[in-house]
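1. what follows is a protein structure lacking sequence information:
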């Protein structure tokens, strides 16, 4: 079993490298493998425009795809284990809705108040609005979870809060002008290419923090597999475990949503792919497996979106929906 697991990790690592290279050369401007290798190795003898495309655009986008895919997959794995529900994803607690509210207030609400969007963008930023919105919603859920023992009640509260926020966003959409509405709709489609080089470092820093918290939560997650009552008998503090997992989810899924928009189905579908490939329930294996698989899947989605010139969310949905349908059919007894 250990040799099989090691072999799978090696194969996924090689697949990640291959998809990374393909993602770097695919695009409107053709890039040869030789030019790619030279640019990544620090050669300055290439055409300046080619160097700019590789180092400042495609490299940043590919790194965002790797980091975002890993973050969404790990946060989805944590949510499915915490709620003991195979259909739970990183957005069940209101991350997407909170981020949408932050962006809607910036893009749709500000013009209604007579504020200039350009001024707000320079000082506040779209990513900052989305991150603060998602973080506030999850911090509210985390504070509520300290007083409520039933995890399913917390799930229902999160869904109801999301519905309420979505209603507010719809009101803002109804009242907004055509230009602001178009900008908001484009954000909801998701994009890996809007992250600047400066923002990339902030994105990676936040995601590293979330992954460190996720690694710290491996033991609690393994205990929660057998139920909260068993975990309590083993000495696990359920409230602390929930808070740890919630904070990790805020940093992982919340940060990705802030910088890339609501990229769907990766967090919901990829953990099931990892379980199918590795045939493991141990989070010491599943967590890195989900992260690696998520990176590969999102890189593949980015390559396909370039070929067909489609938003990244449409590709992740088309790839994720069959997996979700398979999960529903396999778990017919889902409540």
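-> Happy to help now that I have it. The structure presented is a predicted model; accordingly, all values stated were derived computationally and were not measured.

2. may I ask which helix or strand encompasses residue 166?
-> For residue 166, the element it lies in under DSSP states H and E is helix 151-175.

3. in the helix or strand following that helix, what's buried?
-> Scanning forward in sequence from helix 151-175 by DSSP H and E, the next helix or strand is helix 178-188. Using 16 or more other CB atoms under 10 Å as the test for burial, helix 178-188 gives 180, 181, 183, 184, 187, 188. (Each C-beta comes from the backbone N, C-alpha and C, glycine too.)

4. mind checking the pLDDT average for helix 178-188?
-> Per-residue pLDDT over helix 178-188 has a mean of 86.

5. then stretch 237-254?
-> The average pLDDT within stretch 237-254 is 89.

6. buried residues in it?
-> Of all the residues in stretch 237-254, those buried under the rule 16+ other CB under 10 Å are 238, 241-254.

7. quick check: residue 218 vs residue 72, distance?
-> Distance, residue 218 to residue 72, using CB to CB, to the nearest Å: 18 Å.

8. any weak-confidence spans in the stretch 151-300 of the chain?
-> Applying pLDDT under 70 to the stretch 151-300 of the chain flags no residue at all.

9. show me where it has helices.
-> Assigned by DSSP state H, counting those that start in this stretch, the helices in the stretch 151-300 of the chain fall at 151-175, 178-188, 197-216, 218-224, 228-233, 238-249, 255-260, 266-278, 283-308.

10. check which helices and strands the fourth one sits against.
-> The one in question is helix 218-224. Using 3 or more CB pairs under 8 Å, 6 or more residues apart in numbering; DSSP states H and E, the elements in contact with helix 218-224 are helix 59-83, helix 228-233, helix 238-249, helix 283-308.

11. find the centremost residue of this protein, please.
-> Most central in the chain under CA atoms, centre = their mean is residue 72, positioned 3.2 Å from the mean C-alpha point.

12. show me the contacts for that one.
-> 90, 252, 253, 256, 263, 266, 267, 270, 294, 298 (CB atoms under 8 Å, 6 or more residues apart in numbering).

13. and residue 175, by the same measure?
-> Residues near residue 175 by CB under 8 Å, 6+ apart: 108, 112.

14. report the separation between it and residue 108.
-> 7 Å.

15. shared neighbours, the two?
-> Common neighbours of residue 175 and residue 108, using CB under 8 Å, 6+ apart, do not exist here.

16. burial of the residue nearest to residue 249 when sequence neighbours are not counted, as a residue count?
-> Spatial nearest neighbour of residue 249, chain neighbours left out: residue 75 (4.7 Å); criterion: CB to CB, 6 or more residues apart in numbering. Residue 75: 33 surrounding residues under other CB atoms under 10 Å.

17. can you offset everything so residue one is 50?
-> All right, first residue 50 from here; so that's residue 124.

18. and the helices and strands packed on helix 267-273: which comes nearest residue 373?
-> When the helices and strands packed on helix 267-273 are compared by CB to CB, helix 108-132 sits nearest residue 373, at 11.4 Å.

19. buried stuff in stretch 142-162?
-> Neighbour-count burial for stretch 142-162 flags 142-160 (criterion: 16+ other CB under 10 Å).

20. now, those residues that are in helices?
-> 144, 145, 146, 147, 148, 149, 150, 151, 152, 153, 159, 160 (DSSP state H).

21. ok, so of those, who is nearest residue 280?
-> The nearest member of those to residue 280, counting by CB to CB, is residue 144 at 24.4 Å.

22. correct me if wrong: the closest one contacts residue 302.
-> Yes. Using CB atoms under 8 Å, residue 144 is in contact with residue 302, at 4.9 Å.

23. still on that earlier bit, tell me which two of the ones in helices among the buried residues of stretch 142-162 sit farthest apart.
-> Taking CB to CB, the two most distant members of these are 144 and 160; they sit 25.3 Å apart.

24. element containing the nearest residue to residue 341 once chain neighbours are set aside, please.
-> Spatial nearest neighbour of residue 341, excluding adjacent residues (CB to CB, 6+ apart): residue 61 at 4.7 Å. Assignment of secondary structure by DSSP H and E places residue 61 within helix 51-74.

25. identify the residues contacting that helix?
-> Residues from elsewhere that reach helix 51-74 (CB under 8 Å, 6+ apart): 80-82, 85, 103, 107-108, 110-111, 114-115, 326-327, 329, 334, 337-338, 341-342, 344-345, 348-349, 351-352, 355.

26. how far away is residue 127 from residue 291?
-> Distance, residue 127 to residue 291, by CB to CB: 10 Å.

27. so the residue lying farthest from the centre of the chain, which of the three states?
-> Residue farthest from the centre of the chain, counting by CA atoms, centre = their mean, is residue 94 at 37.0 Å. Following DSSP: H, G, I helix; E, B strand; the rest coil, the label given to residue 94 is coil.

28. pretty sure it contacts residue 87?
-> Yes. With contact defined as CB under 8 Å, residue 94 reaches residue 87; the gap is 7.2 Å.

29. check the offset of stretch 119-138 from the chain's centre.
-> Centre-to-centre, stretch 119-138 and its host chain are 11 Å apart (CA atoms, centre = their mean, to the nearest Å).

30. would you mark the buried spots in that stretch?
-> Buried, per 16+ other CB under 10 Å, within stretch 119-138: 119-132, 134-135, 137-138.

31. distance of residue 260 relative to residue 119?
-> Using CB to CB, residue 260 is found at 7 Å from residue 119.
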